[in-house]
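Visitor: predicted structure and sequence below. I'll ask about it afterward.
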Amino acid sequence: MTTYTDTGRVLIRLTCSDGQVTGVQVNSERPDVSQLLRGRTTPQVIRMVSSMFALCGHAQMRAAVLAMSAARGEKCNPSIDQEVRREALREHLWHCLLDLPQLLGHVELKQEFVLGAKAIANGQRDDLYALLSNPSIQGLRMRLSEFDDAQISQKLLPRLSAKDSLLVWPRLSSEFCRHPMWKGAAAVTGAITSDDDSATSFFSARWHARFDELTKWASGHDVAGHVGTVSAVPVAPGIGRALVETARGLLMHEVAMDGDVVADYLIVAPTEWNFHPQGLLHAQLFGADARDRDALQQRVSRLVTTLDPCVPWELEWA
């Protein structure tokens with residue numbers, strides 16, 4: 001079987017004039033891997049999905065299995081999948097202790113990350129809780145308010161079950177997979193997701209929410225609806241849909257089966273939500289001060305790192 005290696009990229013192109021950003025193009029150039037799954041049998045799809053996705057691999061695998069099961073009429077009520085949750089929590093920890101310090105001008109907390117990752121892997125909640133109380137980690141959280149240079153202006157995608165999603169999107173389409181919409185507009189998914197569309201600081205809210213999801217697990221919080229939640233529902237005879245709440249946000253798989261062969265496969269990844277052409281990046285960068293290109297580039301980097309694409313990203317100047 002051919003090994004799939006092309007991850008694609010997120011491309012951001014800025015046009016500047018008279019000291020302002022006058023044009024913002026955001027393109028998620030992730031390849032359509034779903035076309036490679038069409039015509040495959042269930043075992044082949046499982047093997048391919050396991051090799052295609054380096055990030056959120058457990059989440060992608062679980063979504064594939066649940067979607068194909070739902071196509072056979074098997075429903076999965078919202079529940080926490082512990083393996084998916086551990087994967088998401090480890091990603092949160094990576095971002096909070098390795099990526100965030102760099103954004104704030106601190107040294108990476110590598111030792112703390114190793115200890116925290118071990119605690120998550122071994123289910124040692126008390127150990128992670130104690131680690132998160134470390135003064136060096138608390139100091140990071142206290143500094144977040146210094147970088148509040150972006151307010152949320154996009155809708156926030158609420159937590160949805162597979163069953164609930166049918167009321168909003170009876171069927172998925174290729175166009176929706178490329179540019180998903182919530183109530184007619186681009187939306188942000190992942191940490192900070194709620195039903196509240198009020199303006200609030202995006203940067204600090206996103207990072208605090210990651211810390212909060214780590215703390216919830218460490219304190220014994222196991223209620224379905226948060227990171228690690230999976231669900232699936234039959235859409236129609238031979239068609240199933242699965243939803244998974246990953247570290248980056250909502251992941252959706254919808255599959256149409258012809259017996260044991262995939263007739264159609266659709267995937268909506270969190271990156272397509274968070275890097276929508278009319279999404280948060282466009283809203284925050286259009287009209288921004290461009291007199292200091294280095295400062296503007298740092299702002300772009302902060303926003304992109306905070307949104308966390310699942311593929312590499314590039315910035316071009318038009």
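Guide: Arrived safely.
Visitor: give me the sheet partners of the helix or strand of the chain with the lowest mean pLDDT and which way each runs.
Guide: Comparing every helix and strand of the chain by mean pLDDT, DSSP states H and E singles out strand 155-156 as the least confident one, with a mean of 85. If you go by DSSP bridges, strand 155-156 pairs up with strand 187-188 (parallel).
Visitor: could you give the mean pLDDT of the strand it pairs with?
Guide: For strand 187-188, the mean per-residue pLDDT is 92.
Visitor: low-confidence regions, the chain specifically.
Guide: Per-residue confidence of the chain (counting by pLDDT under 70) places the weak regions at 1-6, 147-154, 193-200.
Visitor: count the neighbours of the residue nearest to residue 297 when sequence neighbours are not counted for me.
Guide: Once flanking residues are discounted, residue 297 sits nearest to residue 315: 6.5 Å by CB to CB, 6 or more residues apart in numbering. Where C-beta positions appear, they are placed from N, C-alpha and C, glycine not excepted. Here the neighbour count serves as a burial measure; for residue 315 (other CB atoms under 10 Å) it reads 14.
Visitor: my guess is residue 315 contacts residue 14, does it?
Guide: Yes. Proximity of residue 315 to residue 14 meets the contact threshold set by CB atoms under 8 Å, at 7.1 Å.
Visitor: who touches both of the two?
Guide: Common contacts of residue 315 and residue 14, defined by CB atoms under 8 Å, 6 or more residues apart in numbering, comprise residue 300.
Visitor: helices along this protein, start to end?
Guide: Taking DSSP state H as the test, the helices found in the chain are 34-37, 42-52, 57-71, 82-94, 100-103, 110-121, 125-132, 135-143, 162-168, 174-178, 202-218, 270-274, 280-285, 293-307.
Visitor: for those helices, give me a markdown table that also has mean neighbour count.
Guide: Formatted as a markdown table, the entries for these read as follows, by neighbours: other CB atoms under 10 Å:
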| stretch | mean neighbour count |
| --- | --- |
| helix 34-37 | 17 |
| helix 42-52 | 17 |
| helix 57-71 | 24 |
| helix 82-94 | 21 |
| helix 100-103 | 18 |
| helix 110-121 | 16 |
| helix 125-132 | 17 |
| helix 135-143 | 14 |
| helix 162-168 | 16 |
| helix 174-178 | 14 |
| helix 202-218 | 21 |
| helix 270-274 | 26 |
| helix 280-285 | 21 |
| helix 293-307 | 17 |
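Visitor: now these in JSON lines, with distance to residue 239?
Guide: Compiled in JSON lines, those are given as follows (distance: least, CB to CB, whole Å):
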{"stretch": "helix 34-37", "distance to residue 239": "14"}
{"stretch": "helix 42-52", "distance to residue 239": "14"}
{"stretch": "helix 57-71", "distance to residue 239": "6"}
{"stretch": "helix 82-94", "distance to residue 239": "23"}
{"stretch": "helix 100-103", "distance to residue 239": "41"}
{"stretch": "helix 110-121", "distance to residue 239": "35"}
{"stretch": "helix 125-132", "distance to residue 239": "39"}
{"stretch": "helix 135-143", "distance to residue 239": "44"}
{"stretch": "helix 162-168", "distance to residue 239": "11"}
{"stretch": "helix 174-178", "distance to residue 239": "15"}
{"stretch": "helix 202-218", "distance to residue 239": "32"}
{"stretch": "helix 270-274", "distance to residue 239": "21"}
{"stretch": "helix 280-285", "distance to residue 239": "32"}
{"stretch": "helix 293-307", "distance to residue 239": "31"}
